[in-house]
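Undergrad: Sequence first, predicted model second:
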Amino acid sequence: MSRSWNAIALFVAMLAAVLSACSSSSDGTPANVPSTWSDVRTGPGHAAHVGKRDITCQSCHAYERDGFKDPGSEPCKKCHDKQAIAPHAGNASTRTDCITCHAFKPRVVAPTCVSCHEKKQGELAALVSHRTTECKDCHAPHAALPGRDGGAPVKACSGCHDERATSHAKHAGSAGCNDCHKPHAAAKDAAVVCSSNGGHRERSGGPRGHDGCTSCHKPHELVANGQSTCERCHAKKPTLAALSNEKHAVCTSCHAPHSPTRAAAWSSCATCHANVSVQHAGHTERSTCHAPHQSAPAPVAATCTSCHSKIATSDHAGHAGNTACVTCHKPHAFTPKGGQALCSTCHAKELALTQANKGHVACSACHGDVAHAPVRGAACASCHKKEAFSAPDGHRACNNCHEDHSGKTKATATCASCHAKEQASRHASVTGGCQTCHRPHGPNGVAAAPSCASCHARDKLPALHAAQGHADCTQCHSSHAAPRADRATCTKGCHTNQANHQPTAQTCNGCHVFRK
């Protein structure tokens, strides 16, 4: 109390000296002293300086020259030089000074930080978070502001938020929590920072569910929780060959978390299967044949006939109905080797035989569409017209005598194999054999059997052969049967008057000889 009374006494003495030096106003108050001087002293600034610190009026007021008008913040620098170096800057349009925050006027409540910062202040956003926290817990009012001029909060975020892991900020150039959080902005606004310019912009723009970082990542720990994170939204999907290939059981082996749909592209499969070159009728995407995810267990690859149904009814019914597609087509090198190289895989023996017959070398010449609908063999007449036209009945089936691919006569194809009875006849021993009188087909050989006289000159025939009525050999002979001399042959056409001659005799040549 003694200090207060001393200050008051000093103030009164000073005031008296001033009044004595100044002229009086009409109401008797000195001209340089405000009429409300006693009220002014109750302002928070005057109470702190005059009432608590015993600071004299002339320390701030040049009342002898200017009276007691507001001196502004210039006198503050006399005592508060350190604070004056880094004042609370305000914004470009409204600069703050000491008097802005430290009120000297009576009945004026000193402003709080929130009273100004509840609205946006230039570059500084309006307070949303931390508005109920004491500002001085984080900020020194006269120090450089955090995030500006290299300043930093007086108190680290972890002082209050020690429950948060901070592994997300452990990278070069990190500003800690401020990487994502604007100190006074809502916490949810930090999610926008992930995909904004300067953040993880290259990771943004994914499909629905992948466009928000926090869908998979715990914000303060950063890392996603692997397979379990994927299954949280996608459940557990049956995956191609997952039991035999452990990589296929892990989603991220094929799906890039931030571009998951790219797994359908071959570039995704090529990560592991770079040695597989696809030449499948223009298809380059593996998923065309291999379904990565299926609703139920199924073959590793789609059936060939799921696309090529016009070729065959099943994958094992190609090439005349009994051959598997993969016999000729390799799944990733779909176009097979052409011509004989392909046919030789199964038909090496037949191809070897064709080397003896140049006309039979091209398989398709006789078998048509060799690949998918080969015929058993084209009609020989399509090439061998003369032979087919000249072949007698019984000789029209060429492969009865000829081997199909070489065209050579089969070793088993002798006249006797079909004409055993004829081979037992007297003419079988003729020099040159059957070909002396017959040909199997034209154009070479004997076109028609020659006359008997070409071998059996009439003037040289013995006994009754020389008789005039026996000039026609065919009356008694056929080419391959024994000569006929029975009663019916002799008496029916020629010797009718001898019909009852020796009725008990069965043949005539027993008495009427034809040989000497």
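TA: Alright, I've got the coordinates.
Undergrad: per the record, what domains does this structure have?
TA: Following automatic domain parsing, one finds the domains of the chain at 1-111, 129-195, 457-516.
Undergrad: Which residue ranges of the stretch 51-200 of the chain form helices?
TA: 63-66, 81-85, 98-101, 113-117, 190-195 (DSSP state H, counting those that start in this stretch).
Undergrad: likewise the stretch 351-500 of the chain?
TA: Going by DSSP H, counting those that start in this stretch, the stretch 351-500 of the chain shows helices at 363-367, 385-390, 415-418, 420-423, 487-493.
Undergrad: Alpha carbons only: can I get the last one in PDB?
TA: What follows is helix 487-493, C-alpha atoms only, in PDB (Å, rounded to 0.1, in the frame of the first residue of the first chain):
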ATOM      1  CA  ARG A 487     -23.300-133.200-124.400                       C
ATOM      2  CA  ALA A 488     -25.300-129.900-123.800                       C
ATOM      3  CA  THR A 489     -22.500-127.700-125.200                       C
ATOM      4  CA  CYS A 490     -21.900-129.800-128.300                       C
ATOM      5  CA  THR A 491     -25.500-130.800-129.200                       C
ATOM      6  CA  LYS A 492     -27.400-127.700-128.300                       C
ATOM      7  CA  GLY A 493     -26.100-125.200-130.700                       C
END
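Undergrad: Distance from it to the middle of the chain?
TA: For helix 487-493, the distance from its own C-alpha centre to the chain's C-alpha centre is 96 Å (Cα atoms, centre = their mean, to the nearest Å).
Undergrad: Packing partners of that helix?
TA: Helix 487-493 is packed against no helix or strand, with contacts defined by 3 or more Cβ pairs under 8 Å, 6 or more residues apart in numbering; DSSP states H and E. Backbone N, C-alpha and C define where each C-beta goes, glycine included.
Undergrad: Can you give the contact residues for it?
TA: 475-476, 498-499, 501, 505-508 (Cβ atoms under 8 Å, 6 or more residues apart in numbering).
Undergrad: Mark which of those residues are buried, thanks.
TA: When these are checked for burial by 16 or more other Cβ atoms under 10 Å, the buried set is 476, 508.
Undergrad: Tabulate the contacts of helix 487-493 (a markdown table), appending distance to Gly45 and pLDDT.
TA: Converted to a markdown table, those look like this (distance: Cβ to Cβ, whole Å; pLDDT from 0 to 100):
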| residue | distance to Gly45 | pLDDT |
| --- | --- | --- |
| Gln475 | 165 | 90 |
| Cys476 | 165 | 91 |
| Gln498 | 177 | 91 |
| Ala499 | 175 | 88 |
| His501 | 179 | 91 |
| Ala505 | 176 | 91 |
| Gln506 | 170 | 90 |
| Thr507 | 170 | 92 |
| Cys508 | 173 | 92 |
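Undergrad: how about the contacts of helix 487-493 in TSV, adding distance to Asp459?
TA: Conversion of the contacts of helix 487-493 to TSV gives the following (distance: Cβ to Cβ, whole Å):
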residue	distance to Asp459
Gln475	19
Cys476	18
Gln498	27
Ala499	31
His501	29
Ala505	30
Gln506	31
Thr507	26
Cys508	23
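Undergrad: quick revisit: deepest in the core, which of the helices of the stretch 351-500 of the chain is it.
TA: Mean neighbours per residue, mean count of other Cβ atoms under 10 Å, is largest over the helices of the stretch 351-500 of the chain for helix 363-367, with a mean of 17.
Undergrad: mean confidence for that helix?
TA: Regarding helix 363-367, the rounded mean pLDDT is 86.
Undergrad: What lies in contact with it?
TA: 339-340, 343, 347, 351, 359-360, 370, 374-378, 383.
Undergrad: So which of these sits lowest on pLDDT?
TA: Among the contacts of helix 363-367, Gly339 has the lowest pLDDT, at 72.
Undergrad: For that one, give me phi and psi.
TA: The phi/psi pair for Gly339 (degrees, to the nearest 10) reads phi 60, psi -140.
Undergrad: what sits against it?
TA: Neighbour list for Gly339: Cys363 [criterion: Cβ under 8 Å, 6+ apart].
Undergrad: Make 6 the starting number, not 1.
TA: Renumbered: residue one is now 6, and that last one reads Gly344.
Undergrad: now it: how far from Ala367?
TA: Remark: distance between Gly344 and Ala367 (Cβ to Cβ, to the nearest Å) = 8 Å.
Undergrad: now swap in Asn280 and tell me
TA: 36 Å.
Undergrad: more neighbours, those two?
TA: More crowded of Asn280 and Ala367, by other Cβ atoms under 10 Å: Ala367, with 13 against 6.
Undergrad: right, and Cys106 touches Ala115 too?
TA: Yes. In this structure Cys106 lies within contact range of Ala115 using Cβ atoms under 8 Å: 7.0 Å.
Undergrad: of the two, who's got more company?
TA: The neighbour count for Cys106 versus Ala115, taken as other Cβ under 10 Å, is higher for Cys106 (17 against 13).
Undergrad: For the more buried one, which non-adjacent residue is closest in space?
TA: Pro116 (5.9 Å; Cβ to Cβ, 6 or more residues apart in numbering).
Undergrad: Roughly how far does that neighbour sit from Thr501?
TA: Relative to Thr501, and taking Cβ to Cβ, Pro116 is found at 162 Å.
Undergrad: Looking at the two, which one has more neighbours?
TA: Using other Cβ under 10 Å, the more surrounded residue of Pro116 and Thr501 is Pro116, with 12 against 9.
Undergrad: pLDDT score for the more buried one?
TA: pLDDT for Pro116: 76.
Undergrad: for Gly156, same thing?
TA: On the pLDDT scale, Gly156 gets 43.
Undergrad: low-confidence ranges in the stretch 106-255 of the chain?
TA: 148-160, 200-204, 206-212, 214, 216, 227, 229-232 (pLDDT under 70).
Undergrad: Can you show me the helices along the stretch 206-355 of the chain?
TA: Under DSSP H, counting those that start in this stretch, the stretch 206-355 of the chain gives helices at 231-239, 271-278, 344-359.
Undergrad: so how far is stretch 314-324 off the chain centroid?
TA: So, by Cα atoms, centre = their mean, the centroid of stretch 314-324 is 27 Å from its chain's centroid.
Undergrad: Just the buried positions in that stretch, please.
TA: In stretch 314-324, counting by 16+ other Cβ under 10 Å, buried: 316-317, 320-321, 323-324.
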